[in-house]
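A.B. asks: Everything below, folded, please.
(chains A, B, C and D)
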2 protein chains.
Amino acid sequence: MNLKNLSDVLGLSQTTVSRALNGYPEVSELTRRRVIEAAQRYGYRPNPHATRLATGRAMAIGHVIPMSSQNSVMNPIFADFAAGANETYARHGYEMTLSIVRDEEVENKYRSMAETGSVDGIIASSPMISDPRIEVLNRIGLPFLVHGRSSATGYEYNWLDINNFRAFRVATEFLIHSGHRRIALLNGPEQLDFAFRRRRGYLDALRRNGVGHDPGLVRSSEMTEPFGHESVIELMRLEEPPTAFLTASILTAIGARRALHDLNILLGTEVSLVTHDDSLDYFGNSGTEPVFTSVRSSIRAAGRRSAQILLDIILGQREPPVTELWEAELVIGKSTGPGPHAGWSAGTGQ
Amino acid sequence: MNLKNLSDVLGLSQTTVSRALNGYPEVSELTRRRVIEAAQRYGYRPNPHATRLATGRAMAIGHVIPMSSQNSVMNPIFADFAAGANETYARHGYEMTLSIVRDEEVENKYRSMAETGSVDGIIASSPMISDPRIEVLNRIGLPFLVHGRSSATGYEYNWLDINNFRAFRVATEFLIHSGHRRIALLNGPEQLDFAFRRRRGYLDALRRNGVGHDPGLVRSSEMTEPFGHESVIELMRLEEPPTAFLTASILTAIGARRALHDLNILLGTEVSLVTHDDSLDYFGNSGTEPVFTSVRSSIRAAGRRSAQILLDIILGQREPPVTELWEAELVIGKSTGPGPHAGWSAGTGQ
DNA sequence: TTATTCTTCCAAAGCGCTTTGAAACAATGT
DNA sequence: ACATTGTTTCAAAGCGCTTTGGAAGAATAA
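C.D. replies: Got it, this is the predicted structure:
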C-alpha cells in the first residue's frame, strides 16, 4: 500500500493525503481524520527511501567509532553510549547507523557520509588531544557532536564531556586527604584527550597539596584487565611501592584487584584504589556501598543527552556551538581506607 | 555532482554512465574507463536514497537487540558481535542499523522494517527457548538469521550458534574428572535458549558420570558481576558447599572470584571455576595460561560469520536454511585444580 | 548490394514520496 | 450583484537513480 493507492481509495489527491498525514494546516480536520483512519486500516507506511529522496533528509545519525589496531577495548563503553543515544533517536523517529572503521579510514567515512547524504549528523567519540577529525568534520559541513573534547583544536564545535580534570583531581585529593602520598595512576592511552586531562587533574592535585610527583608511578595503556594486573604487580615491586591506585576504568580496577589478591595485599586496608566508573550496570558497582570507590558518570546518560543535543541542532532548535560539561560524582566504596599519613590533614588520629 | 551532471559533462546518457559505473557488459571498455575516470575526478558519489528507491534494495542490515526491563547486561556481548558483523558489512558496502528496542516492541520493529523496506535482512539475537519473534520473522518474509537457536520452534530458519550443550557438558566433565562432585552452575536467564542448553549439558554430564544432582547448586540470573558474587557467598554457606563453579559469563566469574576472595578461599586450589568466555579481548583471558579455565568461542568471529551468511542468502548465493554450529574450545587456565575426589577416575593418586 | 546480427548507446518511464503554484469553492464585505 | 478573502483541494514537477525497449552504427553474411 503506497501513497497513490491510498489516495485512490480515498478519492483524494496524493498531495492532500501526504499533507494530512504530515500534519500540515491546509487540510480540514475532517479529511485529516478520514485519511489517518484509512492509513491505519490499510496499514499504510511511507517508504522511507522515497521520503528521504524527496526531502533530502536521511532521518539517521551516524556513529562512527574508530577501531585502532590496538583493538577495540572501548567497545563496551561505546555500546552503552550507543544504547543511550538510541533511546533518544527512537523517540524522534531517527535511525542510528553504526560504523566501526579503521583509524585511517575515518576521514573517508565522514566524507562519504556527507557527500551521499546518508546521515543528517555525526557523533564522534573519544577524540585525541589533537584530532584531525574535528577539522574534517568542520569542513564537511554536516552537524556533528563530539563525545569528549580535543584540547588542541582551535575550532568551536559541539561537544559533551565530563570534567575529567576535576574528577581526577578530586579522586587524587580524596586519596591525599585519606593519608596517601604514593599514588599511582593507571591511565588510559594518553594521546586520547580524556586521559590527558585526567593526568593533569592528578598532577594538579599533587602539586596543590605539596605531594611530590614520581613519574614512575604513572602508567598509560589501553584500559584492559591485564593492564591493571601487570601494572600493580610491577609497581608493588618498587622499593617504595604506592599505597594507592587510580585507575581509568573499572576493567583496569578489576585487574588491579586481581593482582593485589595474588600478592596477598588487602584492598581497602593495606592499599586503596579509586577508579573512574562509567556506570555500566553489569559491573554492578552501585548499591549502598559500592565495591570500588569511584568517580562516576553514566556513559549511557551521556549517550542519551548527546543525541538530544545533536537532534536539537539539526532541527534548528539550538544554535551551535553547544557544549556541556558534566561533573563526575565521587562515590565512596570499599576499596579505599586511610593511608600511612592519615591524620596529617584529616583528623583521624592514630 | 549527480548522475545527470556527470553524463552531461561526458556527453553520454545517464543510462550509459550508470551502466558503466555498475559494471554492466553493454558498454565498451573504452567508455567505461572514461566514465570511471571522470567520476573519480569530479568526485561523483551516487545518492544512496535514490539508488535505494530505484532498486528497492536498502543496502542495510538491521540488528535489533531487545532490551529487557531487566537491563542490558548483554550489551558488551552485542557490541562485540556487532563489531564483527560490521567488518563484513563494510567489505560488501552494506550499512548496519542498530535498534535497541524494548521487548514488547521488537515485533513491531520487525514489521516496520519489512514494510518500509528499510533493511534487506535482519539479525536477531539471543532467542528464548520458545521465541515468538522467529515466527514473526518467518511470516514477514525478510531474510533473517538468528544468532543462537530457539529449541521450541518448529520452523526452519537460518542460524549460527555455538554448541552450548556440548560446551557445558565438556566443562562439567572436566571438573568431574578433576575430582569434583559438588559443582555449582551460575547460569544465565534460563528462558534464554543458550542458558537452557547449558543447563542440559551440565545435567547430562552429571548423569553420565553418576554424579548426583543437587538443584540447590544451580542458580540462574542476568550474568552480572554481583550475581556471581552473591551466589558464591550464599552457596559457600551451605552445609555441603560446592567445590567447583561453572559460570555463564566472565563477568559472573569475576564476581565469583571477588566473593571467594572475600571468603578467603583460594581459587584454583580450594575451589575451581570454569566459565564460558566470549573471548572479549579487553578481559584478556588469553595468553599462555589464561586466568580462568574456560570454554571459549569468539563472539566477534560469530558476528563476522553471521553477517556473511546472511549476505550470501540475500545475494542468492546460498539457499536457506543455512545453519552453522560452532564448538567451543576448552582452555585450561589457573582457576581449576584437583577436587576432593581426585584420583578416582583420573590417575593422580593419593 | 541488401539482409542480418552484434555492439554500443539512448530516451523515457518508473521508484514513492514532497512541494510548488494554481484552481475550485465557500464565506464575507460592499 | 460583484469583488475580495480564506479555505480546501489538486495536477504536475521534482528528488537522483535504474531499467526497459528501442535505435543507430558497425560488422558480418549472403
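A.B. asks: hey, where'd the strands end up in chain A?
C.D. replies: For chain A, applying DSSP state E gives strands covering A:60-67, A:95-102, A:121-125, A:144-147, A:158-162, A:183-187, A:218-220, A:244-247, A:272-277, A:293-296, A:323-326, A:329-331.
A.B. asks: out of the ones you listed, deepest packed?
C.D. replies: Most buried of these, by mean neighbour count (mean count of other C-beta atoms under 10 Å in any protein chain shown): strand A:244-247, with a mean of 30. Glycine gets a C-beta too; all of them are placed from N, C-alpha and C.
A.B. asks: Does anything pack onto it? Which helices or strands?
C.D. replies: Packing partners of strand A:244-247 (3 or more C-beta pairs under 8 Å, 6 or more residues apart in numbering or on different chains; DSSP states H and E): helix A:164-177, strand A:183-187, helix A:225-235, helix A:250-262, strand A:272-277.
A.B. asks: quick one: average pLDDT of that strand?
C.D. replies: Strand A:244-247 shows a mean pLDDT of 98.
A.B. asks: Might you quantify the distance of that strand from its chain's geometric centre?
C.D. replies: Put simply, strand A:244-247 sits 22 Å off its chain's centre (C-alpha atoms, centre = their mean, to the nearest Å).
A.B. asks: Pull the residues that contact that strand.
C.D. replies: A:168, A:171-172, A:175, A:178, A:180, A:182-187, A:202, A:223, A:228, A:232, A:235, A:253, A:256, A:271-276, A:336, A:339 (C-beta atoms under 8 Å, 6 or more residues apart in numbering or on different chains).
A.B. asks: again, 6 Å this time
C.D. replies: A:171, A:175, A:180, A:183-186, A:253, A:256, A:272-275 (C-beta atoms under 6 Å, 6 or more residues apart in numbering or on different chains).
A.B. asks: Listing partners with orientation, what would you give for that strand?
C.D. replies: Next to strand A:244-247 in the sheet, as set by DSSP bridges, lie strand A:183-187 (parallel), strand A:272-277 (parallel).
A.B. asks: Now it - C-alpha only, PDB.
C.D. replies: Only the C-alpha atoms of strand A:244-247 are listed here, as PDB (Å, rounded to 0.1, in the frame of the first residue of the first chain):
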ATOM      1  CA  ALA A 244      47.000   3.900  46.500                       C
ATOM      2  CA  PHE A 245      46.000   3.500  42.900                       C
ATOM      3  CA  LEU A 246      43.900   5.500  40.500                       C
ATOM      4  CA  THR A 247      42.500   3.600  37.500                       C
END
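A.B. asks: And for the nearest residue to A:Glu107 once chain neighbours are set aside, the neighbour number?
C.D. replies: Excluding the flanking residues, the one nearest A:Glu107 by C-beta to C-beta, 6 or more residues apart in numbering or on different chains is A:Val136, at 5.1 Å. Neighbours of A:Val136 under the rule other C-beta atoms under 10 Å in any protein chain shown: 17.
A.B. asks: what about A:Val136, distance to A:Ser272?
C.D. replies: With the distance defined as C-beta to C-beta, to the nearest Å, A:Val136 ends up 43 Å from A:Ser272.
A.B. asks: Could I get the contacting residues of A:Gly117?
C.D. replies: By C-beta under 6 Å, 6+ apart, the contact list for A:Gly117 reads A:Ala58.
A.B. asks: Single out the most deeply packed of the helices and strands packed on strand A:244-247.
C.D. replies: Among those, highest average neighbours (mean count of other C-beta under 10 Å) belong to strand A:272-277, with a mean of 28.
A.B. asks: Low-confidence stretches in chain A?
C.D. replies: The model of chain A has pLDDT under 70 over residues A:69-74, A:344-350.
A.B. asks: does chain B sit close to the biggest helix by length in it?
C.D. replies: Criterion DSSP state H: the longest helix present in chain A is helix A:75-92. Yes - residues of helix A:75-92 contacting chain B under C-beta under 6 Å from any C-beta of the partner chain: A:75-76, A:79-80, A:83, A:86.
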